[in-house]
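from the sequence below, what's the structure:
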Amino acid sequence: MSARTVIDGLEFSRAEDELQGHLPLAGFGRLQDCLFDADGGIDFLLKGGRDRQRRQVLHLEVTGLLHLQCQRCLGVLAYPLRIMNTLLLVSANETLPAEADEPDAPDCIVTSMDMDVAALIEDEILLSLPLSSRHPDGACAARPGVPRIGGAASPFDGLAALRK
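Numbering: from 1, shown residues only. Below you'll find the model as predicted:
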């Protein structure tokens, strides 16, 4: 896949085309603030088609391993990425379907004749990330020179003793 691949969303869906490839994480500018480092990449599969109501959709699958920053210990957190999403194509002048607010309804995106595939994938990755990435409780690794939270006596222990 070239640095910038664009598709005509409606034509891609109508022809039931398929596009797959590998993109390096370093190429996603907006995603960089969420990553610990930009090592590696993601694999994707984009398929055009129609849903049960015969509406034009894009099926997107994205897999990879991201290195996020743990918000507890500030260390690297391996985050396996697995996105499987169906995107309902709507034109700019079209109104959203009535069921668009339902939890099981597909996400709607405005289609155009020059949809940037990498930007679409980056949007989906950003929407799938946790609000606060953290290791499970007790799994944070102690780093040299950084006091481990919970390992030292709490400053509030002294206050609790005064209350008794």
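
show me where the chain has helices.
Along the chain, counting by DSSP state H, helices occupy 9-14, 117-128, 155-163.

of all those, which one comes closest to residue 50?
helix 9-14 (7.2 Å; C-beta to C-beta). Any C-beta I mention is one placed from the backbone N, CA and C, and that applies to glycine too.

show me the contacts for the residue positioned nearest the centre of the chain.
What sits nearest the mean C-alpha location of the chain, by C-alpha atoms, centre = their mean, is residue 125, with 2.0 Å. The neighbours of residue 125, taking C-beta atoms under 8 Å, 6 or more residues apart in numbering as the test, are 28, 31, 42, 62, 66, 81, 83.

which one of the residues you listed sits closest to residue 6?
residue 28 (16.4 Å).

now the closest one: closest residue in space, sequence neighbours ignored.
residue 122 (4.7 Å; C-beta to C-beta, 6 or more residues apart in numbering).

is it true that the one you found touches residue 31?
Yes - counting by C-beta atoms under 8 Å, residue 31 is a contact partner of residue 122 at 5.7 Å.

so what's the residue nearest to residue 124 when sequence neighbours are not counted up against?
The shortest distance from residue 124 to any non-neighbouring residue, by C-beta to C-beta, 6+ apart, is to residue 83 (5.5 Å). Shown in contact with residue 83 (C-beta under 8 Å, 6+ apart): 60, 61, 62, 63, 124, 125, 128.

if we use 10 Å, what do you get?
By C-beta atoms under 10 Å, 6 or more residues apart in numbering, the contact set of residue 83 is 42, 44, 60, 61, 62, 63, 64, 121, 124, 125, 127, 128.

distance of the nearest residue to the fifth one once chain neighbours are set aside from residue 91?
Right, the one you point to is residue 62. Closest residue to residue 62 apart from its sequence neighbours, by C-beta to C-beta, 6+ apart: residue 83 at 4.1 Å. For residue 83, the distance to residue 91 (C-beta to C-beta, to the nearest Å) stands at 24 Å.

again with residue 71
Using C-beta to C-beta, we find residue 71 at a distance of 40 Å from residue 91.
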